[in-house]
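[1] pasting the sequence and the predicted coordinates here, then a few questions.
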Amino acid sequence: MQALERCTAFLNLKDVSPELPAAKASVNPLDLCRVHLAAFLSETVACNIEDAFKSILWPNNISSGDLAVVLPKLRPGMKANEVAADLMRKVRI
């Protein structure tokens, strides 16, 4: 974990270690990104951080690092376009 902290020091993260039991950043560094994205999503759309973490899918090509978010998993019962519209409204810069 110390090596991971050294490698990510330039990101100015408050806490490098994942807060979720499902995340294993020491074994899979991509989980670090997934945890921070899940935290952002859970705060932004007011959902559970565990649900947000589960909604983030692995990339098809690991070298690209592209993550996908299954929007209906963030808010079960809502349509993807409704969740997307809410997310876009809250993230506008």
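    Cool, the structure landed.

[2] put the alpha carbons of stretch 22-36 into CSV.
    Below are the C-alpha coordinates for stretch 22-36, written out as CSV (Å, rounded to 0.1, in the frame of the first residue of the first chain):
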residue,chain,number,x,y,z
ALA,A,22,-15.2,-4.9,-2.1
ALA,A,23,-12.3,-2.7,-3.3
LYS,A,24,-8.8,-4.2,-3.2
ALA,A,25,-6.5,-1.4,-4.3
SER,A,26,-3.4,-3.1,-3.0
VAL,A,27,-4.1,-6.0,-5.4
ASN,A,28,-5.9,-4.1,-8.1
PRO,A,29,-4.9,-0.4,-8.4
LEU,A,30,-7.8,0.3,-10.7
ASP,A,31,-10.0,-0.1,-7.7
LEU,A,32,-8.6,3.1,-6.4
CYS,A,33,-10.1,5.0,-9.3
ARG,A,34,-13.4,3.1,-8.9
VAL,A,35,-13.6,4.0,-5.2
HIS,A,36,-13.1,7.7,-5.9
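
[3] what's near enough to touch Cys47?
    41, 74-75 (Cβ atoms under 8 Å, 6 or more residues apart in numbering). In this view, the C-beta of every residue, glycine as well, is placed from N, C-alpha and C.

[4] for those, pick the one with the most neighbours.
    Leu74 (26 neighbours; other Cβ atoms under 10 Å).

[5] for that residue, which non-adjacent residue is closest in space?
    Nearest non-adjacent residue to Leu74, counting by Cβ to Cβ, 6 or more residues apart in numbering: Cys47, 4.9 Å away.

[6] Arg34 now?
    Once flanking residues are discounted, Arg34 sits nearest to Ile56: 4.9 Å by Cβ to Cβ, 6+ apart.

[7] coming back round to it: in strands, which of the contacts of Cys47 fall?
    If you go by DSSP state E, the contacts of Cys47 have nothing in strands.

[8] of those residues, which belong to helices?
    Mapping those onto helices (DSSP state H) picks out 41, 74.

[9] which one of the contacts of Cys47 sits closest to Ser64?
    Set against Ser64, the nearest of the contacts of Cys47 by Cβ to Cβ is Leu41 (20.3 Å).

[10] thinking again about what came up before, quick one: which of the contacts of Cys47 is nearest Asn81?
    Comparing the contacts of Cys47 against Asn81 with Cβ to Cβ picks out Arg75 as the nearest, at 11.8 Å.

[11] that concludes my questions; thank you for your assistance.
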